[in-house]
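Visitor: Sequence and predicted structure are below.
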Amino acid sequence: MSVTGNTTLAFSEEQAMLLEVAREFCREKSPMSAVRAHLETPTGFDPSLWDEMVSLGWAGIALPESCGGSGMGVATVVPVVEAMGRAMLGTPLVSSTLAAQLLLRAAGAGPMEAVLTEIAAGAPASVALLENADWGDDTLCCSVDAGGILQGSKKFVTDAGVAELFVVVIDYEGAPALVTVRAGQLPPGAVTPNTLIDQTRRSATVDFSGVTVSEGNLVTGAQVGCALRDLRLLGALLIAAEATGSAASCLDTTVEYLKTRKQFGKLIGSYQALKHPAVDILTSLDSARSFVYHAASLVSDLPLDRDAEIACRMAKAQATETLLYASDRAVQFHGGMGFTWECDAQLYIRRAQWSQQQFGDARHHRKRLAALLLD
Amino acid sequence: MSATEQELNDFRAEVSAWMKDNKPADPGFLLPQTFMEVGDEQQLEFLREWQHKVWSAGYLGMAWPKEYGGGGVDAKYQRIADQEMRRHGVPICFNVIGLGWAGPLINDIGTEAEKARYLRGILSAEDIWCQGFSEPDHGSDLGSARTRAVRDGDEYVINGQKIWTTMGNFAKYMILLARTNPDTERKYDGLSYFLSPMDVPGIETRPIRKITGEYGFTETFFTDARIPADCLMGEEGQGWRIAMQTLQYERGAEAGAAGGLAMVRVTIDDMISQLGDLTRDGAPVLKDPAVRDRLVELIMEEKALSLGDRRAHIAPLCSDYPGSLPLSHKLRATEMTRRMRQFAISLQGAEGGLYVGDPQARQGGFWQRAYFNSFSATIGGGTSQVQANIVAEHVLGLPK
């Protein structure tokens, strides 16, 4: 068997249509001026824009029709997220999609119908997963005490400030379990916002200690572990899609500058020292996009198989490195301008550092790919 | 009428059986991995016999017209035959410049006389073809070709020099780019294209010893060499356009090749399988974390190329930079190959310092030789640096 293995790449009509619609929407509604206007607001996005996205059905693309979704699966979210990445548009879409996927995969649409219906209708949700900075550490300290009360706090919870619903990953009798917690259940002062390098993002430390856990908001069972593994892979895929979009517009920004800026009497884009790295970015971006849509071709509502896992990990490893390189060179190639706040290169290089670590950096995934491919 | 699934499956089984029965035994000398590595008569005769055999069996030139030695069937059959050749690991069909470049060109734009004269010999391997495009002073800059062709009655008189003529010392014909008019405003307009014989007085070839220590290319000198005027393809001044069309076949951007394996594809799997008993710090080399990380990067590069070939056919996923995938393919594939082969040597420990000829060299020094030969692809057909310029200018729209 070949180590390069499965090379499936399919792109449906629905995906093509959504990619087109999403690009158009983002171009129109999320120009850089709009993105910049929300860099320092508490939520980081325009609520009316989120409402429009919800009314387009984006919050429920991947959810079953029984929950008010469109039943097209998580693969169809990929082009939307890529388009948003291109426009540097934040919003809780990725957080909500992942929270819904986790519940759907751990408990099924039936038992989760009420909660998933809320998410499809636009209630922002977020998974409270990490307890430290290590994406490779699965140990859980958050748990339910003898009195049925949640104890422990979670770090780097995305969109925690606006989330109406948290899916908290806990240890329950020695196995992973999920607790759904409503924002209203949190004691005052439970949410401590982070100051993020990427100002289009929001996250926080959330202390869940004191929240009462009941039968109705606890999900246990063997499938939780599998759902968590899929969550990490789907998270990697969506962040990869977004990073691919961001890298594409970052490259556009750089190329535009190389075509117009003159130094020593020549357009700087005519110098091979700048030209060739621009091509390196392009080819890296080409690989990232191929991996992203390859992975999107292999994921479904079923537990992800080995090929899908390989594809998601490759997508994240490639897209992360692409955006890091594209944004690093964007700053450098803009010269003095690139060192300023005013230049958009800063948005991309900040996004790159944030995006890199989400769901594991390139080395994290290559390490796991090595085990999948070489052992 | 198109072939049915059943017919194609039956055909695949037939070719597969034939390849299995007819795959030549190890000849006891290193066989060329590409047509650019045919260094001596022994290799030449072996490959000539093999190609003739494949053609005689009906598995080469399947989509070329029957009256010129082809099979006259749908190209799907040839693709299946090629896949089976690759799967069975049989030798290459080495007359690549004829099969893959000159042949399709003659098929597409040649006259009846040219087709009748050249195509059969290309397929049967009786007539080996070479290419006279590159010149010593401007490798990747074909438009500046200076070799002169001057009309004199029924003949053209050729003077000048070509370099990197693959199999120049074995070839019967050359596709030759020469300048018929030195005074045109645009240098491209003064070029003409010839299907030139090699066995005429005044054409001399001198084998070039490669970095590997072997042969495969020649320098070709033209000194008042007289070739018949009907060797001119098309008309005077059309040379550049025809040369560009030839490059389309060469780069695989245009269909029409006769088929057969042009090269033995060396994959990451081949590299991994050579590691065998190699160790690093006393443990299997495949357990070393740094090696594993780099290996996964290379696997991803190889996979990204395959995926890119697929994505290139999905228009909505190529809308931002149309042409990017096909135009960057040569750059990416050849650079990846070069890096992969050097990495293979780096994994051999002290054995990495051995070379072809040493009985202890791993796989007879295959990887050392393959690494050196890989530069023929990163330099030939437009260097990687020129390729990068092409992508930058044509895809990204950066200024010249």
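Guide: Alright, I've got the coordinates. Bear in mind the structure is a predicted one, so any value in this text is a computation, not a measurement.
Visitor: Which residues are in contact with B:Leu305?
Guide: B:His329, B:Arg332, B:Ala333, B:Met336 (C-beta atoms under 8 Å, 6 or more residues apart in numbering or on different chains). Yep, even glycine has a C-beta here, placed from its N, CA and C like the rest.
Visitor: So it lies in a helix, does it not?
Guide: Yes - the assignment for B:Leu305 is a helix, going by DSSP: H, G, I helix; E, B strand; the rest coil.
Visitor: So which of the contacts of B:Leu305 reach chain A?
Guide: With the criterion set as C-beta under 8 Å from any C-beta of the partner chain, the members of those near chain A are B:Arg332.
Visitor: Kindly indicate which of the contacts of B:Leu305 lies nearest A:Gly161.
Guide: B:Arg332 (43.2 Å; C-beta to C-beta).
Visitor: picking up where we left off before, just the contacts of B:Leu305 now: which is nearest A:Gly136?
Guide: B:Met336 (28.7 Å).
Visitor: Might one say that the closest one is in contact with B:Leu298?
Guide: Yes - assessed by C-beta atoms under 8 Å, B:Met336 is found in contact with B:Leu298 at 7.2 Å.
Visitor: Surely B:Arg48 touches B:Gly121?
Guide: No - using C-beta under 8 Å as the test, B:Arg48 is too far from B:Gly121 to be in contact (11.6 Å).
Visitor: now do the same end-to-end measure for stretch B:24-37.
Guide: Using C-alpha to C-alpha, to the nearest Å, the end-to-end distance of stretch B:24-37 comes out at 19 Å.
Visitor: What is the neighbour count of B:Arg186?
Guide: Neighbourhood size, B:Arg186 [other C-beta atoms under 10 Å in any protein chain shown]: 9.
Visitor: which of the residues in stretch A:304-317 are buried?
Guide: Within stretch A:304-317, the residues that count as buried by 16 or more other C-beta atoms under 10 Å in any protein chain shown are A:Leu304, A:Asp307, A:Ala308, A:Glu309, A:Ile310, A:Ala311, A:Cys312, A:Arg313, A:Met314, A:Ala315, A:Lys316, A:Ala317.
Visitor: tell me which of those residues is nearest to chain B?
Guide: Within those, proximity to chain B (C-beta to the nearest C-beta) peaks at A:Met314, which comes in at 5.5 Å.
Visitor: Mind telling me what element the residue nearest to the closest one when sequence neighbours are not counted is part of?
Guide: Nearest non-adjacent residue to A:Met314, counting by C-beta to C-beta, 6 or more residues apart in numbering or on different chains: A:Phe291, 4.7 Å away. Taking DSSP states H and E as the definition, one finds A:Phe291 inside helix A:272-298.
Visitor: gap between that helix and the chain center?
Guide: How far helix A:272-298 lies from its chain's middle: 19 Å, per C-alpha atoms, centre = their mean, to the nearest Å.
Visitor: how about that helix: buried residues?
Guide: Buried-residue list, helix A:272-298, by 16+ other C-beta under 10 Å: A:274-298.
Visitor: And stretch B:211-227, by the same measure?
Guide: Residues B:212, B:214-222, B:225-227 are the ones in stretch B:211-227 that count as buried (16+ other C-beta under 10 Å).
Visitor: Tell me where the model's unsure across the chain.
Guide: Going with chain A. Within chain A, the set of residues satisfying pLDDT under 70 comprises A:1.
Visitor: that's the other chain; I wanted chain B
Guide: B:1-2, B:139-140, B:253.
Visitor: Now intersect the contacts of B:Leu305 with the helices, please.
Guide: Of the contacts of B:Leu305, the ones assigned to helices by DSSP state H are B:His329, B:Arg332, B:Ala333, B:Met336.
Visitor: The second one reaches A:Asp280, doesn't it?
Guide: No - at 10.2 Å, B:Arg332 does not count as touching A:Asp280 under the criterion of C-beta under 8 Å.
Visitor: quick one on the thing from earlier: which one of the contacts of B:Leu305 sits closest to B:Trp367?
Guide: B:Met336 (15.0 Å).
Visitor: so where do the helices sit in the stretch 51-200 of chain B?
Guide: With helices called from DSSP state H, counting those that start in this stretch, the stretch 51-200 of chain B shows them at B:75-88, B:96, B:103-109, B:112-124.
Visitor: got it, and the stretch 251-400 of chain B?
Guide: Taking DSSP H, counting those that start in this stretch as the criterion, the stretch 251-400 of chain B carries its helices at B:268-273, B:289-311, B:324-346, B:366-379, B:384-394.
Visitor: quick one, which of those is nearest to B:Asn181?
Guide: Among the helices of the stretch 251-400 of chain B, helix B:384-394 comes nearest to B:Asn181, with 25.6 Å by C-beta to C-beta.
Visitor: so what does the closest one touch, helix or strand wise?
Guide: For helix B:384-394, the elements it packs on are helix A:272-298, helix B:324-346, judged by 3 or more C-beta pairs under 8 Å, 6 or more residues apart in numbering or on different chains; DSSP states H and E.
Visitor: residues in contact with it?
Guide: In contact with helix B:384-394 (C-beta under 8 Å, 6+ apart) are residues A:269, A:272, A:275-276, A:278-279, A:282-283, B:140, B:323-324, B:327-328, B:330-331, B:334-335, B:378, B:382, B:398-400.
Visitor: again, but for stretch A:40-56
Guide: Here stretch A:40-56 makes contact (C-beta under 8 Å, 6+ apart) with A:21, A:25, A:29-30, A:34, A:37-38, A:59, A:89-93, A:121-122, A:124, A:161-162, A:193, A:199-202.
Visitor: List only those of those flagged as buried.
Guide: Among the contacts of stretch A:40-56, those buried by neighbour count (16+ other C-beta under 10 Å) are A:25, A:30, A:34, A:38, A:59, A:89-93, A:122, A:124, A:161-162, A:199-202.
Visitor: What are the boundaries of the helices in chain A?
Guide: Per DSSP H, chain A carries helices over the ranges A:13-29, A:32-37, A:47-55, A:77-86, A:93-107, A:113-120, A:222-260, A:272-298, A:306-333, A:335-338, A:345-357, A:362-374.
Visitor: tell me the two of the buried residues of stretch B:211-227 that are most distant?
Guide: B:Thr212 and B:Arg226 (35.8 Å).
Visitor: Identify the residues contacting residue 152.
Guide: Using chain A. Applying C-beta under 8 Å, 6+ apart to A:Gly152 gives the contacts A:Glu131, A:Cys141, A:Cys142, A:Ser143, A:Ile170, A:Asp207, A:Phe208, A:Ser209.
Visitor: let's do chain B instead
Guide: With contact set as C-beta under 8 Å, 6+ apart, B:Asp152 has these partners: B:Arg226.
Visitor: thought A:Ala227 was touching A:Ala100?
Guide: No - using C-beta under 8 Å, A:Ala227 is not in contact with A:Ala100; the gap is 11.5 Å.
Visitor: No further queries at this time; thank you.
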